[in-house]
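Asks: sequence and predicted structure are below.
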Amino acid sequence: MLDPKAYLDGNEAKIESDMIDEVIKEQKNIIKQLLDSIQFEIFSEDDDDGTEDESNLDKENLTGDNVIEGTMTEITKQIGDSKNRGDQVDVQSDSKEKPEIIVTEAKWNVIQDNMLLKKRKDLESKLLNELLIPNNPVPTSKKKVLTEEEEKAENLYKSAVKRLGYSRPIQIAALDDLKEAAGLGNIKAQERLAWMDLLDFGPTGVPSLTVQAVQIFEKYAAEGSADSQAAIGFLHASGLGGYSPDQAKAMVYLSFGALHGSSFAQMMLGYRHWSGIATSASCERSLDFYRKLAITVADGLLPTGGSVVSRVRLLDEAENQGYTTSILDSDLVEYYQMLAENGDVNAQVKLGQLHYMGGRGVRQDYHKALYYFLQAAEAMNPSALAYLGKMYMEGNEAVPQDNATSYTYFKNAADLNDPIGQSGLGMLYLQGRGVPKDLNNALKYFMLASEQGWVEGHLQLGTMYMNGNGVTRDYKMAVKYFNLAGQSGSTLALFNLAQMHATGTGMLRNCHTAVELYKNVAERGRWSELLMEAYSDYKDGNIVSALYKYMFLSELGFEIAQSNAAYILDKNMVALFGEGETYARALQYWSRAASQNYPPARVKLGDYYYYGLGTSVNYEIAAHHYRIAADQLHDAQAMFNLGWMHENGLGMKQDLHLAKRFYDSAGETSVDAKVPVALALIKLSLLVALRRLKEEGWKSFFSFPRLDIAAIFGPDWDIYLMTILLAFLVTVVYLRRPQ
C-alpha cells in the first residue's frame, strides 16, 4: 500500500519502492484506476462555479491537451519504471498521416477530439496488453494460512463486531473479546479499539484518544490501512490527538484513504470538494465521491428502507420552548409497554413498529417487534399483519425468510385495505416470490397503496415507470412518484432521483441537485447512528464524548453535527481548548453550518463578528451575514439586528427609516419578535421626536399640525403606555417596601 507520510516527508526512495510493490501486487486495479483518471480529465472538466456546461463540454475539454499529455506521460513513466524497462508508450498521432489544411475552428475541434480519443485508446490497448501478456508474469498470490493463534483472534474479532450492536451487557462482553483479539495481534481489532478511544464506538465510556490509539493509527496508516489513513486525516483536520490543525496534510491522508476504499475518507473528501475546504470547490469531483457512497448505502438497504435516525439541534432545543424532538422519553415507552401488556392493540402495534424500525431513542430489536406484532395480529389488526408479512418477506434474526407465510399475512392485511399489505403483495407479484410473477397485479397493488399515501407504493411505482417494467416508460411519472416517496423519507427514492439528475435522465442534468441528493443518501449510512449516540451522551452529561462525535460527523459534512459542535463550544461546556481557540473553532463550525443554509448559524456568524468572538470586531462583515440571513433565509433575529445597526449607524450609515422597516419586518416574520420589536419602536419613536426637537425647537414641535400618536408609537400605543406606567408603579412599590 502507498504510504502518505512518505509523500509528506519527500522520501523519494520510499515512494518509488511503494509504487513498485503496488504495481506488482495489484497491477490490474492500478491500471484500471489510471485509465479511469485519464477519462476523468478528458470528460469531467468543471466550470468556475462547479457546474458542468453541456454546450461547452467538448470545447473546454479539448483545450486541455497539455494536461492530458502530462497525465499520460506520468502514467507511462510510472509503469515503465516499475518494470525496470525503458520503453515508453507512444501516445502521439500517426506521423504518416497526410497533412490537412484546417479552415474552420469547428473542424479543428473535431480533429483534436479524434486525436485525443485515439491517444486514450492507444494507451489503453498498450496497458492492457502489458497486463494480459506481461514480459515478467506476476506470481499469483496465495491465500495466507493462518496460525492457530491468528485464527482464534480472527474469530474473536468477527464475533465481537456482530455483538457490538446489541444491548449494553452484550456489548461489554463483545468488548472483552475485541481486546483479547487485539492482544493476539489482530490488526482490525486494534484499529477498532483505537476508533473506540477516539469516538466511543461502543461501551468504553468517555473517549480518551490515548497516545496508543494515535500510534496505532499512524502505524497502520503507513502500512496502507484505509480507515487509519482516514483517522489521521480527521486528526489533522480537527487538530486533535496532539496534532495542530493542518488542512493540507488532512487532504493528503484523506485522499489516500479514499483511494484505498475508506467510506469515511470518501465522505470527507466529497464534502470538502463540495464546500471548497482546503481545495477548490468542484461539483463534479464531489459528485464522484458522494455517488460511490450513495451506491454503498443504497445497496445495503432493504427494499423497504432503513432505520430511522433522530436528528436534534441543540441550539433550537435550548432557545425554542416549542421545539420538540422525535426521541421518545423512557417514561412514555414504559407507558406504552404497560398498555400493550394490558391488551391495547394500538400500543402493541406502535411498540412493534418502534422495535422493527429502530430510532427515536429505541434500539432496533426484531425479537421484540415480532412479540408485539403477534399479539396485535391475534386481534386481526391490519398493520400488525402487514408488518409480519414484511418480516417474513425479508427474513431476519427473529424469523426465517418464508414467502408463503409472507403472502398469507400480506393477503390478510390487503383484504382489510391496509396499504402496507397492498404494497407487500405488489412486491411479491413484482419479484415472483411465492406466487407467479405478475406485473399487472404488482401495478394494481402498488397503485392502491400509493392512493393511500404509503411511501413504498410511491417508490415502487416510480421504479416501474423509470424502468418501463409492466408499464410504458415515463420519466415524468417516475419523477412524480420518487418525489412523493422522497418527501416521506424514502432513501431509495432520493437515490433514484439523484441518479436521474446526475445522468440527465428524463430531465436536464443538474450536478448541484444530484450532489445534494447523493449527500442526503450518504448521510443515512451506518455512521448516522453516531448522531443519536452523541445526543444521548450530551443528555447524560458526557459532553466531551458528544463533542468528539459531533466534530467527526462535522468533517463528514453533517450540518446538524456542525451546529451542535459549535453550540457546545459557544457555551464553553468543555475545557479542551483555550478561550480564544474555543471561539475560533466555534466560528469555523458556525461558518460551515451557515454555508449549508441553517439560518441561526448565519445569525451566529454575524454575532461573532459583531462582538469579536474568535475574530476581530467587524461591523461590515456582521451586517453582511445578517443581511444574508434576513434576505435569503427570512430570519427574524437577523432583521431585528439589522434594524439595530441601522438605528445606531454600526457598519453602515445611520438611517432611522430603514431601522423601522427592519423592525417591522422582524415583527411580521415571527410572533416571538413582537414584544422586543414594540420596545425597539418605542425607543426609535423617542429618538425621532428628540431629533425633531433639536432641529426645530419646542415651539415647532408642539405646533406640528399632523401630530398623530398612533402613527408615531403604533396602533397599540396605549398598551405600551400602560405597560410602562405599570412597570413604574411596581418599581416604586418595590423601592418603598419595608426594610
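Replies: That came in fine, so what should we check first?

Asks: alpha carbons only for contacts and neighbour counts from here, please
Replies: OK.

Asks: what bits of the stretch 51-200 of the chain have low per-residue confidence?
Replies: 51-144, 165-170, 200 (pLDDT under 70).

Asks: what's near enough to touch the one residue sitting closest to the centre of the chain?
Replies: Nearest residue to the geometric centre of the chain (C-alpha atoms, centre = their mean): Glu523, 3.7 Å. With contact taken as C-alpha atoms under 8 Å, 6 or more residues apart in numbering, Glu523 is in contact with Phe558.

Asks: and it, how far is that from Ser263?
Replies: Taking C-alpha to C-alpha, to the nearest Å as the measure, Glu523 falls 11 Å from Ser263.

Asks: one step back: got phi/psi on the residue nearest to the centre of the chain?
Replies: phi -80, psi 0 (degrees, to the nearest 10).

Asks: report pLDDT for it.
Replies: Glu523 carries a pLDDT value of 93.

Asks: repeat that for Gln637.
Replies: For Gln637, the model assigns a pLDDT of 92.

Asks: next, count neighbours for it.
Replies: Around Gln637 there are 22 other residues, counting by other C-alpha atoms under 10 Å.

Asks: next: Gly457.
Replies: Neighbour count of Gly457, defined by other C-alpha under 10 Å: 28.

Asks: in a strand, it, correct?
Replies: No. Going by DSSP: H, G, I helix; E, B strand; the rest coil, the assignment for Gly457 is helix, not a strand.

Asks: residues contacting it?
Replies: Residues 419, 423, 445-450 are the ones in contact with Gly457 under the rule C-alpha under 8 Å, 6+ apart.

Asks: worst-scoring helix or strand of the chain, pLDDT-wise?
Replies: Counting by mean pLDDT, DSSP states H and E, the chain has its least confident helix or strand at helix 57-62, which shows a mean of 38.

Asks: phi, psi of Ile277?
Replies: Torsion angles, degrees, to the nearest 10, at Ile277: phi -90, psi 110.

Asks: list the contacts for it?
Replies: Taking C-alpha under 8 Å, 6+ apart as the definition of contact, Ile277 has no neighbours.

Asks: one more: Gln348?
Replies: Each residue near Gln348 by C-alpha under 8 Å, 6+ apart is listed here: 336-337, 339-340, 372-373, 375-376.

Asks: what about it, distance to Met393?
Replies: In this structure, Gln348 and Met393 are separated by 21 Å, where distance is defined by C-alpha to C-alpha.

Asks: now Lys179
Replies: With distances defined as C-alpha to C-alpha, the gap from Lys179 to Met393 amounts to 37 Å.

Asks: repeat for Ile295
Replies: For Ile295, the distance to Met393 - C-alpha to C-alpha - is 23 Å.

Asks: what is the burial count for the nearest residue to Phe289 once chain neighbours are set aside?
Replies: Nearest residue to Phe289 in three dimensions, chain neighbours excluded: Gly270, at 5.0 Å (C-alpha to C-alpha, 6 or more residues apart in numbering). Using other C-alpha under 10 Å, the number of residues around Gly270 comes to 29.

Asks: contacts for the host helix or strand of Gly270, please.
Replies: Using DSSP states H and E, the secondary-structure element containing Gly270 is helix 263-275. Helix 263-275 is contacted from outside by 226-227, 229-230, 233, 251, 254-255, 257-258, 278-283, 285-290, 293, 522, 555-557, using C-alpha under 8 Å, 6+ apart.

Asks: among Lys179 and Met393, which residue is more densely surrounded?
Replies: Residue environment comparison for Lys179 versus Met393 gives the larger neighbour count to Met393, 25 against 20, counting by other C-alpha under 10 Å.

Asks: ok, that one touching Asp402?
Replies: Yes. Under the contact definition of C-alpha atoms under 8 Å, Met393 touches Asp402, with a separation of 6.1 Å.

Asks: may I see the buried residues of the helix holding Gly270?
Replies: 263-275 (16 or more other C-alpha atoms under 10 Å).

Asks: what of stretch 470-487?
Replies: In terms of neighbour count (16+ other C-alpha under 10 Å), stretch 470-487 has its buried residues at 475, 477-486.

Asks: rounded mean pLDDT for it, please.
Replies: 94.

Asks: quick one, helices of the stretch 601-739 of the chain?
Replies: With DSSP state H, counting those that start in this stretch as the definition, the stretch 601-739 of the chain shows helices at residue ranges 619-631, 636-648, 656-669, 674-702, 709-713, 717-735.

Asks: average pLDDT across the longest one?
Replies: This means helix 674-702. Confidence over helix 674-702, taken as the mean pLDDT, stands at 76.

Asks: narrow the contacts of helix 263-275 to those in helices?
Replies: Of the contacts of helix 263-275, the ones assigned to helices by DSSP state H are 226-227, 229-230, 233, 251, 254-255, 257-258, 283, 285-290, 293, 522, 555-556.

Asks: any stretches of this structure with poor pLDDT?
Replies: Low-confidence segments of the chain, defined by pLDDT under 70, span residues 1-144, 165-170, 200-209, 302-309, 321-329, 359-361, 696-718, 739.

Asks: mark which of the contacts of helix 263-275 are buried, thanks.
Replies: Burial by neighbour count, 16+ other C-alpha under 10 Å: within those this picks out 226-227, 229-230, 233, 251, 254-255, 257-258, 281-283, 285-290, 293, 522, 555-557.

Asks: where do the helices sit along the stretch 351-500 of the chain?
Replies: Residue ranges of the helices in the stretch 351-500 of the chain, as given by DSSP H, counting those that start in this stretch, are 366-377, 382-394, 403-415, 419-431, 439-451, 455-467, 475-487, 491-503.

Asks: wait, which of these is closest to Ala727?
Replies: helix 475-487 (49.5 Å; C-alpha to C-alpha).

Asks: ok now that closest one, how far from the chain's centre?
Replies: What separates the centre of helix 475-487 from the centre of its chain is 22 Å, taken as C-alpha atoms, centre = their mean, to the nearest Å.

Asks: which strands or helices does that helix pack on?
Replies: helix 455-467, helix 491-503 (3 or more C-alpha pairs under 8 Å, 6 or more residues apart in numbering; DSSP states H and E).

Asks: Ile621 is nearest to which of those?
Replies: Where these are weighed against each other on C-alpha to C-alpha, the nearest is helix 491-503, at 35.5 Å.

Asks: wait, which of the helices and strands packed on helix 475-487 is closest to Lys158?
Replies: When the helices and strands packed on helix 475-487 are ranked by distance to Lys158, counting by C-alpha to C-alpha, first place goes to helix 491-503 at 28.6 Å.

Asks: which residues touch Asn381?
Replies: By C-alpha under 8 Å, 6+ apart, Asn381 lies in contact with 345, 413.
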